[in-house]
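**Student:** got a predicted model here, sequence first, then my questions.
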Amino acid sequence: MMMMMIKNRQFISSVLLHLIVQLILTTLSSIHWLLLLLIFSIYSIELYKQYKNSQKSSLFCCYYLSSIMFTIIHFIFILSYNKILPWEIGLVILFLLLIIYYARRLGASLFNWDLSWLPIGKYENNSSSIVIIKFLVSNLLFFAYTCQLCLTTVCTPSIYFNWFLIVTDCRYTYTNLLSSYTFAGGVLVLLSWTIVLFLHLIAQRFRV
């Protein structure tokens, strides 16, 4: 029991450390777009390395949990200064609740930080493949949609089908700190995880 508590504390500390690193990197990336490009490249390479070694290391799990926490904090930050429609907020909350629901279905526990159930990386579990796909899709929608909200908040979007916004012009993103920080966080963390999850789903070939 004592060993489990120590292990949980170490894991929580690691997750919080990764979160702090993400916040610092986002702040640095908000200074200039060249810094964003450099840090995004380094961060993406490191994330891919952890993905490749996810069977041998718990670091990827720390990356995942800290990124979920970062996305929530970043979304709240956007809400603090920008008006977002209620149904957009509702979608973000819905995707987050779906992640929690399917995580519980896969064996997650609030009192046990053992993430051997996490179906991201090289993990496979054919007996729960349908739940795994739903969990992964929920994560993909959560990161991708929040990223889209970040970018359309600070960039000039074009509307399609009288509903869907696509970013078309981000030239003035770095004119003030609020917009540059929002943009940097959306690209650095949210876009990175959107790509990782999308490629992971392709690698799994949506097998059920």
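**Tutor:** Cool, the structure landed.
**Student:** quick one: name whatever helix or strand follows the longest helix belonging to the chain.
**Tutor:** In terms of residue count, the longest helix belonging to the chain (DSSP state H) is helix 2-29. From helix 2-29 onward toward the C-terminus, using DSSP states H and E, the following helix or strand is helix 33-52.
**Student:** before we move on, the earlier item: pull out the buried residues from the longest helix of the chain.
**Tutor:** Neighbour-count burial for helix 2-29 flags 11, 14-15, 18-19, 22-23, 25-26, 29 (criterion: 16 or more other CB atoms under 10 Å). For every residue, glycine as well, the C-beta is placed using N, CA and C.
**Student:** from the chain's centroid, how far away is it?
**Tutor:** Here helix 2-29 is found 15 Å from its chain centre; the criterion is CA atoms, centre = their mean, to the nearest Å.
**Student:** and it, what does it pack against?
**Tutor:** Contacting helix 2-29 under the criterion 3 or more CB pairs under 8 Å, 6 or more residues apart in numbering; DSSP states H and E are the following elements: helix 33-52, helix 59-81, helix 177-185.
**Student:** and the buried residues of helix 2-29 as JSON lines, adding distance to Leu36 and pLDDT?
**Tutor:** Written out in JSON lines, the entries for those read as follows (distance: CB to CB, whole Å; pLDDT from 0 to 100):
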{"residue": "Phe11", "distance to Leu36": "30", "pLDDT": "76"}
{"residue": "Ser14", "distance to Leu36": "25", "pLDDT": "86"}
{"residue": "Val15", "distance to Leu36": "24", "pLDDT": "88"}
{"residue": "His18", "distance to Leu36": "19", "pLDDT": "92"}
{"residue": "Leu19", "distance to Leu36": "19", "pLDDT": "94"}
{"residue": "Gln22", "distance to Leu36": "13", "pLDDT": "95"}
{"residue": "Leu23", "distance to Leu36": "15", "pLDDT": "96"}
{"residue": "Leu25", "distance to Leu36": "9", "pLDDT": "96"}
{"residue": "Thr26", "distance to Leu36": "9", "pLDDT": "96"}
{"residue": "Ser29", "distance to Leu36": "4", "pLDDT": "95"}
